[in-house]
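Novice: coordinates only, sequence not included:
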DNA sequence: CATGAATGAGTCTTCATTCAT
DNA sequence: GATGAATGAAGACTCATTCAT
């Protein structure tokens, strides 16, 4: 771990039950404040207040505000990355159509489990330590997806890295649009099937033999 | 215009040449400061300084900081929306494959003309007045795209709103990934052709008759 | 100027009359707060308050608290160093007895001109940037004194650097004792003649020929 | 003992061995923290940590931070005062030249036994309860020195209080200059002999009859 | 008695905004 | 209109002290 990253690490491992509870309360509070007030008004005082504790306590668990927000973001991204990696492993060796369904399904499940959280954390990922974290997770996910793609029996990918990058961010875009609320009612209902269509079509362009 | 929106409007219409120049200087300065310092350190004083004027003068053109940043964002989005609308009009009645090429090309041209600007403004779009603005522009662009899609002679879209929403945000995702810098080298080179492939494949799923 | 020192420099040169007044008010206020409250309670807010301005204004003139206090200290030390250098020049080539009188007189005049100030600044010289400043001035003064000593017609100094260092700090000690208030009433009255006696005796140990 | 002074007294007399050990650990820790971090960062938590105990325990021995630091300072000053008083008693009735040697030697031994400690405590002596303590000890030492001077067979002091005050602080000055690090290399080596020279010369000005 | 998490007042510092010149 | 010094509210962070365990 380099020095820059070290500065964002939690101060103590939440081993004790008490700590775990406190840390979770902080994460929840941070997301709530982020949602209700926005990043610029997401202050340590407000987070502490919403978490039902004093400012000082926040600093018992995190060395600074950025570390707290980064931790929240990391936990979230970790969840998403795990989902993507899980799906990639689960659909290894499967036909690309199944991969498409599996990937979309896993991604949506992870991102829409707690939409508030997902939405709130977009702001954090743009700030300070955020980008690095996002980039790191991005790499993890793209590697997993690329590996899965290469295992497809019915397709051949010249540049799996590029394909996985495009495929993944093509999913990210619409989901973000949804979470950011830039959509008409009804969008969410059709989202999954439409993303499957999108991904299936895209991956299908690399199919080995034409469909019979 | 509701009161909330009114508060973000420029104080004066830049009718005089002088004003236009000043306003442009402010926008440029804002983007530079945003890029170099980040949103939280993008202060009125710093913007004024880089624009070669005094803080006081900034307030002659904008009632407050948010109004200035919103104006910069709006100008940018306006440009992108214009590009999308232009392309939609230009490819009206054309086959979907051409639409795909036209849309991708127009979008990339608009977004990558000044990557710094595009990147810097993501932060603004997440803060305060930003989301509303983005949503408004989003609607404009989706309407244009939907109208174009409906004019395609070789395809039939059951839900043009949904298709255009997915299509557009599927382009937005990868471009943002690029601008945010979450990519491996080489990504940018292949981006356009890959997006064309993506969009062509996606729109192609609504093709009326199978390719001959 | 190295980076460490640069951080303590005033933000703007007090060229304008207004600035000079403000800066002087700040220095005076700082000394008063230092005197009345001690270094640990000498906060930016209290200084600003005593100077009749707001905290923000303090930061218009100094980048931080340490810079303000350092500036006050530097001004003071500069005055003392000037006095010592002046005396050293004035008594160049004179007999050591006259040097002793001149040095004591100049030092006391400089240090006791504003006893409150002298006393208050002892705390600052121990803190942060203080020691460096003191050391720098110390060197300046010792050089001057050593040069003067070497010019004495009636004495010969094997190690002028050492002699001047001891001579000077032997004056500093009693003056500090006085300013710190560790003395019985009546101490101040006899101080000058006693320091002259001390210094004369000490320098006299290097006299070339016995008095006739 | 007045109320102000009472507030700084240790809570319990270290009668038990355990307590003595703990208190000593605290003193040592305080000096280390003071040396490494400076007065303003010399916090109770840090002291406790370095002493290998919890903050709470510190408050078992001292009512507050100032009391702890004052106790450390007092112990140190007590040692110096003891040394001075010892020397004064030892050289009672001796010639002034021997007194000079004895005084310098005792003072240097006491102050330079643990230079880190001596240096670190200068900060404490300037803050809060410090000055009172220093003043008290100063009086003790000056009384002892004055008494010794009056016993000299070969000199006559009109104002022993004044002479002892000057003599003592003329020693204090150079030693502090050394400890504060404002000196050129080589200063420490010649310090003792030079101080003896200084003091001998100064006391010699009160010699009864000229040397034979 | 020891522990160390919790508290919250108090510091430094920044910055949007105003307004006298 | 332009200027930029002044304002002061607000934010991040620290730390002496307490008290439940």
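Specialist: Thanks, I have the structure now. Everything numeric in this text was worked out from a predicted model, so none of it was measured.

Novice: can you give me the strands for chain A?
Specialist: Taking DSSP state E, chain A contains no strands at all.

Novice: Low-confidence stretches in chain A?
Specialist: Scanning chain A for pLDDT under 70 picks out A:1-18, A:210-212.

Novice: longest helix of it?
Specialist: Ranked by residue count, the top helix of chain A under DSSP state H comes out as helix A:65-90.

Novice: Show the secondary-structure elements that it is packed against.
Specialist: If you count contacts as 3 or more CB pairs under 8 Å, 6 or more residues apart in numbering or on different chains; DSSP states H and E, helix A:65-90 packs onto helix A:17-37, helix A:44-50, helix A:96-112, helix A:115-125, helix A:130-150. Any C-beta I mention is one placed from the backbone N, CA and C, and that applies to glycine too.

Novice: Would you check the distance separating it from the middle of the chain?
Specialist: Offset of helix A:65-90 from its chain centre (CA atoms, centre = their mean, to the nearest Å): 5 Å.

Novice: Show me what from chain A comes close to DNA strand E.
Specialist: A:12, A:18, A:22, A:53-57, A:59-61 (CB under 7 Å from any atom of the strand).

Novice: Which member of those is positioned nearest residue A:75?
Specialist: residue A:61 (13.4 Å; CB to CB).

Novice: follow-up on the earlier one: and which of the residues of chain A next to DNA strand E is nearest residue D:135?
Specialist: For the residues of chain A next to DNA strand E, the nearest to residue D:135 is residue A:56 (37.2 Å; CB to CB).

Novice: where's the closest one relative to DNA strand F, distance?
Specialist: 3 Å (CB to the nearest atom of the strand, to the nearest Å).

Novice: Around that residue, how many other residues sit close by?
Specialist: 9 (other CB atoms under 10 Å in any protein chain shown).

Novice: From residue C:128, how far off is residue A:145?
Specialist: Using CB to CB, to the nearest Å, residue A:145 is found at 53 Å from residue C:128.

Novice: give the contact list for the residue lying closest to residue A:87 once chain neighbours are set aside.
Specialist: Distance criterion CB to CB, 6 or more residues apart in numbering or on different chains; nearest residue to residue A:87, sequence neighbours excluded, is residue A:106 at 3.6 Å. Contact partners of residue A:106, counting by CB atoms under 8 Å, 6 or more residues apart in numbering or on different chains, are A:83-84, A:86-87.

Novice: Report the buried members of these.
Specialist: A:83-84, A:87 (16 or more other CB atoms under 10 Å in any protein chain shown).

Novice: Closest one to residue A:34 out of those residues, please.
Specialist: residue A:83 (21.7 Å).

Novice: how much space between the residue of chain A found nearest chain D and residue D:50?
Specialist: Closest approach between chain A and chain D, counting by CB to the nearest CB: residue A:60, at 11.3 Å. Applying CB to CB, the value for residue A:60 to residue D:50 is 19 Å.

Novice: Tell me which of these two has more neighbours.
Specialist: Using other CB under 10 Å as the criterion, residue A:60 and residue D:50 rank with residue D:50 on top: 18 against 13.

Novice: In contact with the residue nearest to the more buried one when sequence neighbours are not counted, which residues are there?
Specialist: Counting by CB to CB, 6+ apart, the nearest residue to residue D:50 once its immediate chain neighbours are dropped is residue D:29, at 4.0 Å. Contact analysis of residue D:29 by CB under 8 Å, 6+ apart lists D:47-52.

Novice: Among these, which one has the most neighbours?
Specialist: residue D:47 (27 neighbours).

Novice: Hmm, residue D:33 and that residue touching each other?
Specialist: Yes: the criterion here is CB atoms under 8 Å, and residue D:47 meets it with residue D:33 at 5.3 Å.

Novice: Can you report how many residues lie near residue A:21?
Specialist: 11.

Novice: In chain A, which residue sits nearest chain B?
Specialist: Counting by CB to the nearest CB, chain A gets nearest chain B through residue A:173, at 2.5 Å.

Novice: surely that residue meets residue B:176?
Specialist: Yes: in this structure, residue A:173 is within contact of residue B:176 by CB under 8 Å, at 7.2 Å.

Novice: More neighbours: which of those two?
Specialist: residue A:173 (24 against 19).

Novice: For burial, what's the neighbour tally of the closest residue to residue A:199 other than its chain neighbours?
Specialist: Nearest non-adjacent residue to residue A:199, counting by CB to CB, 6+ apart: residue A:100, 4.0 Å away. Other residues near residue A:100 come to 24 when the count uses other CB under 10 Å.

Novice: give the contact list for residue A:50.
Specialist: Residue A:50 touches A:29, A:32-33, counting by CB under 8 Å, 6+ apart.

Novice: one step back: next, the angle helix A:96-112 makes with the longest helix of chain A.
Specialist: 150 degrees (axes from the mean of the first three to the mean of the last three CA atoms, to 10 degrees).

Novice: what angle separates helix A:65-90 from helix A:115-125?
Specialist: Using the same axes, to 10 degrees, helix A:65-90 lies at 120 degrees relative to helix A:115-125.

Novice: and helix A:65-90 with DNA strand F, contact?
Specialist: Yes: interface with DNA strand F: helix A:65-90 contributes A:65-66 (CB under 7 Å from any atom of the strand).

Novice: Okay, buried residues for that helix please.
Specialist: A:65-74, A:76-77, A:79-85, A:87-88.

Novice: Look up how far residue A:112 lies from residue A:105.
Specialist: Residue A:105 is 11 Å from residue A:112, by CB to CB.
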